[in-house]
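Novice: how would this look folded up:
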Amino acid sequence: MKLRNIHALTLVEVMVTTGILAVIIIALQTVFTTGNMSWQTFEGKVTAQRQARLALMAMSQELREASNISRTETASSVSFTFSREGVGTVVYSWTTTGNDAGKLLRTADGTTRTLASDISTLSILPIPDVADPTTITINLTATKQMSNGQISSVALKEKIALR
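Specialist: Next comes the predicted model:
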């Protein structure tokens, strides 16, 4: 009889231990899943922000020394062309359609390179600016969709003084 009670107590202890262990494992998995989702969201935001900042910085540096700036805008695309001493004609273009949708492209000397991907909006205002003909403003929004379905977006604005 005593042996049977010992086995019953051992079985109860094993069941309680298993239950506690299950609760701990579920808690750890919840923490891991939440942390992973936060990491993906943060990584998407950082990626979008980095691309937008690098593109805006590259455009700003070139546009400061630009001349003969012209802009072409449609409902789904923006392009602007300018001349730069020592470089020649440079074209920046962005579109929401086709193979290059969402990409900010720079073309000079027949060579095209991608400055940024995941660009959702781009505007260059105003050309020419009647109130201040020495400045233009670039508005750029980068949007990144993560694998978990969340969307990270960053909007940047740069006012550029032309030389």
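Novice: residues contacting the residue most central in space within the chain?
Specialist: Among the residues of the chain, residue 48 comes closest to the average C-alpha position under Cα atoms, centre = their mean, at 1.4 Å. When contacts are counted by Cβ atoms under 8 Å, 6 or more residues apart in numbering, residue 48 touches 118, 142-144, 152-154. C-betas here are computed from N, CA, C, even on glycine.
Novice: quick one: average pLDDT of the host helix or strand of it?
Specialist: With elements delineated by DSSP states H and E, residue 48 resides in helix 2-63, which encompasses its position. Averaging pLDDT along helix 2-63 gives 86.
Novice: one step back: return the member of the contacts of residue 48 nearest to residue 65.
Specialist: Closest to residue 65 out of the contacts of residue 48 is residue 142 (25.0 Å), distances taken as Cβ to Cβ.
Novice: Just after the helix or strand harbouring the closest one, pick out the following helix or strand.
Specialist: Using DSSP H and E, residue 142 sits within strand 135-145. Scanning forward in sequence from strand 135-145 by DSSP H and E, the next helix or strand is strand 151-161.
Novice: tell me which strands and helices that next one is in contact with?
Specialist: Other helices and strands packing on strand 151-161, by 3 or more Cβ pairs under 8 Å, 6 or more residues apart in numbering; DSSP states H and E, are helix 2-63, strand 135-145.
Novice: Name every strand pairing with it and say which way it goes.
Specialist: Partners of strand 151-161 in the sheet, by DSSP bridges, are strand 135-145 (antiparallel).
Novice: How about residues contacting stretch 87-103?
Specialist: Against stretch 87-103 from outside (Cβ under 8 Å, 6+ apart): 59, 62, 66, 76-84, 104-109, 114-120, 122.
Novice: How far does that stretch stretch from one end to the other?
Specialist: End-to-end span of stretch 87-103 (Cα to Cα, to the nearest Å): 22 Å.
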